[in-house]
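>>> Here is my input, please return the structure:
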Amino acid sequence: MATMTVRVARYSGDDFSCDVAIPRREPLSVVFEDDDVLAFHHTRPFWPVHLVVVPKIHVESLLTLGDVHIATRLLDVVQSAAADVVAEHGQASVLTNLGDYQDSKHLHVHVRAGEPVRSAS
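Residues are numbered from 1 along each chain as shown. Model (predicted):
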């Protein structure tokens, strides 16, 4: 039987979380998942340790986050992920982007450690 290789094109939309990550249209290395939040290793990391934490409902950015339950769950997972990174690597940075800095128009929080491994192009 012949084996067929399927190549997935590089995503070029504006909501990676809703379009790809949450529905699992591409494989992810998941760190944590429940009904509200998904945390995974970035698919194109900028740092040696680069996790992404997203709410599983669409929230455009931190500026539009109004759901207290989702905000609490998101921060709980970010706190836990950051604590794990600090325990393993001695350091962590937590950040989110807004406006033109935000490539993917879905609230996502980066938990990262180490020096950049590639430029943010």
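>>> center of the protein, which residue is that?
With distances taken as CA atoms, centre = their mean, residue 52 lies nearest the centre of the chain, 2.3 Å away.
>>> so that residue is in which element?
Per DSSP states H and E, residue 52 falls inside strand 49-55.
>>> quick one on the thing from earlier: per-residue pLDDT, the residue nearest to the centre of the chain?
Looking at residue 52, its pLDDT is 98.
>>> before we move on, what about residue 114?
With respect to pLDDT, residue 114 has a value of 95.
>>> ok now the helix or strand bottoming out on mean pLDDT in the chain, how far from the chain's centre?
When each helix and strand of the chain is scored by mean pLDDT, DSSP states H and E, helix 16 comes last, with a mean of 93. How far helix 16 lies from its chain's middle: 9 Å, per CA atoms, centre = their mean, to the nearest Å.
>>> Touching it from outside, list them.
Here helix 16 makes contact (CB atoms under 8 Å, 6 or more residues apart in numbering) with 104, 106. Glycine gets a C-beta too; all of them are placed from N, C-alpha and C.
>>> repeat that with 10 Å
With CB atoms under 10 Å, 6 or more residues apart in numbering as the test, helix 16 has contacts from 22, 25, 26, 43, 44, 52, 54, 103, 104, 105, 106, 108.
>>> still on that earlier bit, which other helices and strands does the strand holding residue 52 contact?
Applying 3 or more CB pairs under 10 Å, 6 or more residues apart in numbering; DSSP states H and E, we find strand 49-55 packed against strand 30-33, strand 37-41, helix 68-89, strand 93-95, strand 109-113.
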